[in-house]
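J.: sequence plus the predicted model coming up.
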Amino acid sequence: MNDEPFYRPNRKPAPERLGKPGERLFEFRKGSDHYACELRLHGEWGVEAQFLLNGDLYIARTFQDQPDFGVRARDLATAWAEQQRKALAQ
């Protein structure tokens, strides 16, 4: 256990956390906006598809495997991302 006090006036801040890069599916431009889509694997919690708008999170959705229907989370996330790309590109 750490014996240092909870508050220290000259304490150095903790280093900034860096996120793990996802698997880039695609990216495109619409006007002056830059869209990118990444898949992020979350182990037993599924696969998350993230859309970034100019580098900031715009929309995301997480999918889980559907073994009863024989569908993998990655396939669901990729299909959803393609639908969103088509809708955003219009």
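T.: The structure has been received and is ready for your questions. Numbering: from 1, shown residues only.
J.: okay, CA-based contacts and neighbour counts for the rest of this
T.: Will do.
J.: give me the number of residues near Glu48?
T.: 22 (other CA atoms under 10 Å).
J.: list the contacts for it?
T.: Counting by CA atoms under 8 Å, 6 or more residues apart in numbering, Glu48 touches 39-42, 60-63, 77.
J.: buried subset of the residues you listed?
T.: 39-41, 62-63, 77 (16 or more other CA atoms under 10 Å).
J.: mind putting those in CSV, distance to Gly31 included?
T.: Output for the buried ones among the contacts of Glu48, formatted as CSV (distance: CA to CA, whole Å):
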residue, distance to Gly31
Leu39, 24
Arg40, 27
Leu41, 30
Thr62, 28
Phe63, 30
Ala77, 26
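J.: so which of the residues you listed sit within strands?
T.: Of the positions in the buried ones among the contacts of Glu48, 39-41, 62-63 sit in strands, assigned by DSSP state E.
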